[in-house]
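next comes the sequence, and after it the predicted model I'd like to discuss.
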Amino acid sequence: MTKRHCKGAYVRIELPDEREELVSNFFELLREASEYAILRAHSIWKMSTKSTTGRTIYIEISDETFREDQERFREIAENNTGLFHLLMAMFFTKIHQEMKPRASVHKTRSRNSYLIAGMAQREFAHTCLFLKESDAAKIPDICTTAFGISGETWRTAFAGGRSVARVIHAFKYLGAETFFPIAYIDIQGRIDLLVRFPAKGLGLCIQIKTANSLKSVQYRFVPEVPFHQKEELTRDDQYFLIGITEFRNQNTGTWLPLEIQIGNMAYTEKYIDPPDSIKQGFEQMFQVLCFIHDPQSS
């Protein structure tokens, strides 16, 4: 198998030259996205085929499953990329809500439900990257009960994507390349974000968590222990390292497993762009990363 430099199943993240504003009728467009999502949820739920013995086999969804839906919402949003991603975030959040109560009865359907939740987080992150900060700040307060989505569900889903967007901007400040993994890698491998420093030959596979009371950033290198010691790790770390191993087998270069907790309390003046405390935290983290990667260079 030919290894690659973070290509193929990973999407490069480019920041816009200018951020966009929400249109005046965005609430009605969100309502339409929610109503359409109910129809798609039922069609996805029924996606299946028959085995040679006549047994029903439920189909695993992927990013490709929603290509036509993306085109639909691109046309609705016209040239407003931030609005497009917000509509997609609503679409996936509503589908996940429709599927979740019944998903646990079948492994494939449960997997599909988790995958869609990951897609929603990615769309929320994109939304925060493309909308003006003042408009992005309005999103968690949208009255989603009008769409049959509780405020808590909406805010929780949004917070995860917002944290990813904040980490992306902080790494862009350091000159890094950033990539979204496809949804399968996100869910199966527990990898939220891929970051690469080409000049250093260093890459990071990152899990991102929100710490509401934290005023800066905290990070942890996930320990890579011998197989016979893996039971000493948390289950989450075990799954993360399995995902890292699979990723390394398919990609060239050095890739380190990193967990980041980004503090919500740091963003009192800015909403997505890194404030000074976050910049300082990431600069310190970068120095540690460089030392671990190449102790002779420090």
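Received the coordinates, thanks. Because the structure is a prediction, the values reported are computed rather than measured. Numbers count the residues shown, from 1 in each chain.

go ahead and flag the most central residue of this structure.
In the chain, the residue lying closest to the centroid (C-alpha atoms, centre = their mean) is residue 122, at 3.6 Å.

so that one is in which element?
helix 107-130 (DSSP states H and E).

ok, residues contacting the helix or strand that that helix is followed by?
Sequence-wise, the next helix or strand downstream of helix 107-130 (DSSP H and E) is helix 133-136. Outside helix 133-136, the residues that touch it by C-beta atoms under 8 Å, 6 or more residues apart in numbering are 19, 20, 21, 22, 82, 127, 128, 162, 270, 271, 272, 273. All C-beta atoms are positioned from the backbone trio N, CA, C, and that covers glycine.

check which residues of helix 133-136 are buried.
Using 16 or more other C-beta atoms under 10 Å as the test for burial, helix 133-136 gives 135, 136.

next one: stretch 26-33
Neighbour counts over stretch 26-33 (16+ other C-beta under 10 Å) mark 26, 29, 30, 32, 33 as buried.

before we move on, the earlier item: least confident of the contacts of helix 133-136?
Of all these, residue 270 carries the smallest pLDDT score, 92.

in terms of pLDDT, where does the closest residue to residue 220 other than its chain neighbours sit?
For residue 220, ignoring the flanking residues on the chain, the nearest one in space by C-beta to C-beta, 6 or more residues apart in numbering is residue 259 at 4.5 Å. pLDDT, residue 259: 94.

how about residue 190?
Value listed for residue 190 in the pLDDT field: 83.

ok, now residue 60?
Looking at residue 60, its pLDDT stands at 81.

check residue 2 too.
43.

same thing with residue 207?
For residue 207, the predicted pLDDT is 93.

residues in contact with it?
Counting by C-beta under 8 Å, 6+ apart, residue 207 touches 190, 191, 192, 222, 240, 257, 258, 259, 260.

rerun that using 6 Å as the cut-off
Going by C-beta atoms under 6 Å, 6 or more residues apart in numbering, residue 207 touches 190, 192, 259.

am I right that it sits in a strand?
Yes - remark: residue 207 belongs to a strand, assigned using DSSP: H, G, I helix; E, B strand; the rest coil.

ok, it to residue 260 distance?
Going from residue 207 to residue 260 by C-beta to C-beta, to the nearest Å gives 7 Å.

for residue 273, same thing?
From residue 273 across to residue 260, the span is 17 Å (C-beta to C-beta).

the more surrounded of those two?
Neighbours around residue 273 and residue 260, counted as other C-beta atoms under 10 Å, are more numerous at residue 260. The numbers are 26 against 16.

what secondary structure does that one sit in?
At residue 260, secondary structure determined by three-state DSSP is strand.

which residues in this structure form strands?
Applying DSSP state E to the chain gives strands spanning 10-12, 48-50, 56-58, 177-181, 193-197, 202-211, 217-221, 254-263.

how far does the fourth one sit from the chain's center?
To tie it back to what came earlier, the one meant is strand 177-181. Relative to its chain's centre, strand 177-181 lies at 10 Å (C-alpha atoms, centre = their mean, to the nearest Å).

could you measure residue 168 against residue 130, distance?
From residue 168 across to residue 130, the span is 12 Å (C-beta to C-beta).

looking at those two, which is more packed in?
Remark: of residue 168 and residue 130, residue 168 carries more neighbours, 25 against 22, as counted by other C-beta under 10 Å.

what stretches of this protein score poorly on pLDDT?
Low-confidence segments of the chain (pLDDT under 70): 1-9, 48, 50-51, 101-105, 183-184, 186-189, 226-228, 293, 295-298.

mind redoing it with 80?
Counting by pLDDT under 80, the chain shows low-confidence ranges at 1-9, 46-59, 100-110, 182-189, 223-232, 292-298.

before we move on, back to that, just the ones of the buried residues of stretch 26-33 in helices?
Residues of the buried residues of stretch 26-33 located in helices (DSSP state H): 26, 29, 30, 32, 33.
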